[in-house]
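K.L.:
Sharing a sequence plus its predicted fold:
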Amino acid sequence: MNTLTETTDAIMPDPSLMEKAGNIIRSGGLVAFPTETVYGLGGDALNPSSSQKIYAAKGRPSDNPLIVHIADLDALPLLSDDIPDTLYMLAEVFWPGPLTMIIKKSRSVPKATTGGLDTVAVRMPDHNTALSFIRAAGGYIAAPSANASGRPSPTLASHVYEDLSGKIDMIIDGGEVGIGVESTIVDLTEKTPVILRPGYITSEMLERVLGKVDTDVTLIEGTDKRPPKAPGMKYRHYAPKAQMMLIEGDTGKVIEMMNKEAAAAAENGLKCGILCTDEIKDSIKADLVLSVGSRNDEASIARSLYRVLREFDSAGIDMIYSESFPDKGFGQAVMNRLSKAAGFNIKKIQ
Ligand code: TXA
Ligand code: MG
């Protein structure tokens with residue numbers, strides 16, 4: 001299959017391109033598109049064969065449910081006969097935006113889209129191109145992140161091309177995404193809402209609207225044996241090809257250890273990459289030292305993270321050592337992705 005790449009202004013998407021992309025979806029094809037979090041791989045959420053094509057293109061296990069993207073609140077009643085008030089309360093504050101909510105699904109939503117579950121994940125992205133595309137396609141786009149399964153999520157159209165060219169009909173290139181990590185997922189089917197995946201919308205922000213919110217324990221303890229409630233969280237995800245270790249501790253000691261490990265890797269003929277911040281970049285010697293921005297700029301760290309992991313892959317790095325970050329607020333989402341990329345290989349130095 002020839003994959004068409006079309007560029008558009010992210011804020012003022014070209015209407016004829018939106019119509020063309022919408023027609024591909026209506027006839028059962030797949031289109032990758034930008035959102036404010038990461039690029040998504042879209043298909044018709046109400047067409048089981050489209051969802052099957054998404055799983056095939058990504059090489060993703062089909063028990064891992066897809067998020068249904070909508071552009072208008074009017075689209076909700078078709079997806080669920082049992083929409084909790086909490087959804088509307090959160091939608092008023094956070095939609096369009098990087099928040100995915102899980103509710104009971106109606107019969108209109110095929111199980112092929114929800115990985116066999118009776119619930120459906122719904123999100124309204126805060127991105128003009130995404131919203132226009134969803135409307136042009138009929139209002140219901142099933143979309144996982146547009147990476148090959150197991151690879152870091154795409155923050156640029158070129159990442160999508162790298163992973164999926166030849167496997168999907170079209171890529172809409174709307175430039176670099178704004179946030180860089182996937183949406184927060186909250187399950188509203190439990191008595192107390194539960195965060196299944198941390199993101200830009202933090203538990204504190206949700207609690208301001210809902211009162212108490214829980215967090216799925218399997219997110220906090222990488223070693224917890226229970227299966228996570230979001231099936232996707234159990235797969236080795238966001239992973240670079242290299243082995244990776246996070247180093248936590250006093251900055252001076254972190255620098256010292258990175259330099260020591262890089263030298264040891266070189267002696268063993270291994271290529272060593274360092275993922276760090278601007279503040280320590282110049283103090284480190286390794287094959288490839290990449291900064292994700294200033295340590296004080298959480299947004300830049302999140303936006304750069306997946307791009308930098310991909311750059312280590314392209315450079316054929318064998319071992320990555322990474323700085324670690326405060327596990328608070330939005331930093332929790334960054335640390336969640338980093339810890340998973342490292343397979344929870346975290347070294348704490350005193
Ligand atoms: O920011 C995002 O959410 C991006 C953009 C494209 O919107 N999408 C995204 O989708 O990250 P994906 O498929 O890579 O991650 C969806 C996660 C998976 O971990 C999946 O298991 C979980 O959401 N999920 C989806 N539906 C669910 C459901 N009904 N119950 C529990 N978890 C669900
Ligand atoms: Mg994903």
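P.N.:
Yep, that arrived. Ligands and ions are numbered 1, 2, ... in the order given.
K.L.:
Please determine how far residue 87 is located from residue 172.
P.N.:
28 Å (C-beta to C-beta, to the nearest Å). Any C-beta I mention is one placed from the backbone N, CA and C, and that applies to glycine too.
K.L.:
for residue 319, same thing?
P.N.:
In this view, residue 319 and residue 172 are 36 Å apart by C-beta to C-beta.
K.L.:
More neighbours: those two, which one.
P.N.:
A count of neighbours by other C-beta atoms under 10 Å puts residue 172 above the other of residue 319 and residue 172, at 28 against 21.
K.L.:
How about the secondary structure of that one?
P.N.:
In the three-state summary, residue 172 is assigned as strand, counting by DSSP: H, G, I helix; E, B strand; the rest coil.
K.L.:
where does it land on pLDDT?
P.N.:
pLDDT, the model's per-residue confidence, is 98 for residue 172.
K.L.:
which residues touch it?
P.N.:
6, 8, 13, 17, 21, 31, 32, 33, 34, 129, 133, 157 (C-beta atoms under 8 Å, 6 or more residues apart in numbering).
K.L.:
which outside residues touch the helix or strand containing residue 259?
P.N.:
Residue 259 is part of helix 251-267 when elements are defined by DSSP states H and E. Taking contacts as C-beta under 8 Å, 6+ apart, the residues outside helix 251-267 that touch it are 245, 247-248, 271-272, 274, 276, 279-280, 283-287, 318-319, 321, 323, 347, 349-350.
K.L.:
Which of the residues you listed are buried? Put it as a ChimeraX command.
P.N.:
A single ChimeraX command selects the buried members of the contacts of helix 251-267 (16 or more other C-beta atoms under 10 Å):
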select :245,247,248,271,272,274,276,280,284,286,287,318,319,321,323
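K.L.:
Contact partners for residue 78?
P.N.:
When the contact criterion is C-beta under 8 Å, 6+ apart, the partners of residue 78 are 106, 108, 140.
K.L.:
Save those residues as TSV, and put in secondary structure and neighbour count too.
P.N.:
Written out in TSV, the entries for those read as follows (DSSP: H, G, I helix; E, B strand; the rest coil; neighbours: other C-beta atoms under 10 Å):
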residue	secondary structure	neighbour count
106	coil	15
108	coil	14
140	coil	24
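K.L.:
List just the nearest of those to residue 200.
P.N.:
Residue 200 has its nearest neighbour among these in residue 140, at 23.6 Å by C-beta to C-beta.
K.L.:
Check the gap between that closest one and residue 248 for me.
P.N.:
Relative to residue 248, residue 140 is positioned 43 Å away (criterion: C-beta to C-beta).
K.L.:
can you confirm residue 347 is in a helix?
P.N.:
No - secondary structure assignment places residue 347 outside any helix; it is strand (three-state DSSP).
K.L.:
Who does it form a beta bridge with?
P.N.:
As for beta bridges, residue 347 partners with residue 247 under DSSP bridges.
K.L.:
wait, is residue 310 part of a helix?
P.N.:
Yes - residue state for residue 310 (three-state DSSP) corresponds to a helix.
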